[in-house]
Structures are given as C-alpha cells and as structure tokens.
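A.B. asks: give me the fold of what follows.
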Amino acid sequence: MQQEAEANLPRVEADDGHGFSVTVRRNCSISPRNACLAFAAAAVVSFAIGVGFAAAGAWLVLPFAGIEIAALAAAFFFHARHAGDCESIAVRDGRLRIEVRRGGACEVHEFHPAWARLALRRCGGELRLFVGAHGRDVEVGRHLTVPARGALARELGARLGSGWRGLGI
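C.D. replies: All right, here's what the predicted structure looks like:
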C-alpha cells in the first residue's frame, strides 16, 4: 500500500530557489494513438458481426451494431477530451498560481501565498484538498489517491511555510 501511494505522488520541482511548481495529472493508461487503434479494431469487429448477421437474414442486428459503435465512439471521445486534464500549482514572483485544466477548459486562480490556506474536507465520504483565500476555494489533487493527496498537502504545507500550519495531516 505504501509503495502504491508513493507511485502516485506528484513530483515537486524547485525553481532556482525562488519558488516551486507541481503538476498533478490524470492516470491515463492508453495513449491517444493506441486508443484510436483499439476503437478502430472494436468498430471493425462489431460491424463485421453485424454484416454477417444481416447477410444471414437477421438484418436488425446491423442497426444495433451501428448504435454500439456510436456509443463506443462517444466513450472514446470523452476519454480523449479528459486525458489531458491536470492541475498545476506554482509559486513564483510572490504569487501562488493554480491552473486547473478540465475537458479543454482552463481555469486560473491566483492567491498571495501568505494569505492562502490549505483545508482537508470530507465531501461525499472522500477526503478532498482545497487551497483558498478571501472566500475563494480551489480543489487540488483530485486526480490523486487519498494517501497521495495527503502527501501533496504535507508537501505544500512544508514549502509554503508558516501560513500553512495546523493542517493536522
């Protein structure tokens, strides 16, 4: 279990002694090229089976094969759209900058590091990590396991200093 948690930890990079950055990415187990190949293979097999049944007189199988291919295409499209989802947390030039990329959209949140606070909250039975200041909160580490999220919180707390104490993790 410890090795699994360590394998999912994000890598924190120092930035010439003036700051740091960390990027948290989704665990994407298939490359876009291999996903296209898998989709093409599944579509060809499904279409071939549909054509075979249609040739044997069961022509209603062919429209359902088309529906199956369309549903598979939608699933692969959704996967491809979210394969690049990530969160970047950086402290540079006295600013804490958090970029959240989700489904092609990018949200940028900036805070003063001394004012920002970390918070671990239970949401729907799951422990989530938030960074916030002045009533604005941003969830970070959503692509990590719970132990890796705790490690990220400890790392951020250690790197950002005194304004991040009392987290209790």
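A.B. asks: what's the local residue count around the residue lying closest to L152 once chain neighbours are set aside?
C.D. replies: Spatial nearest neighbour of L152, chain neighbours left out: G141 (4.9 Å); criterion: CB to CB, 6 or more residues apart in numbering. In this view, the C-beta of every residue, glycine as well, is placed from N, C-alpha and C. Neighbour count for G141, taken as other CB atoms under 10 Å: 25.
A.B. asks: my read is that G141 contacts V131, right?
C.D. replies: No: using CB atoms under 8 Å, G141 is not in contact with V131, being 9.5 Å away.
A.B. asks: quick one, what contacts the closest residue in space to R92 that isn't next to it in sequence?
C.D. replies: Distances taken as CB to CB, 6+ apart place G19 nearest to R92, at 4.2 Å, with adjacent residues excluded. By CB atoms under 8 Å, 6 or more residues apart in numbering, G19 lies in contact with 90-93.
A.B. asks: give me the residues contacting the longest helix that the chain contains.
C.D. replies: With secondary structure taken from DSSP state H, the chain has its longest helix at helix 32-55. By CB under 8 Å, 6+ apart, the list of residues contacting helix 32-55 from outside reads 30, 59, 61-62, 64-66, 68-69, 72-73, 76, 79-80, 83.
A.B. asks: 6 Å instead?
C.D. replies: 61-62, 65, 68-69, 72, 76 (CB atoms under 6 Å, 6 or more residues apart in numbering).
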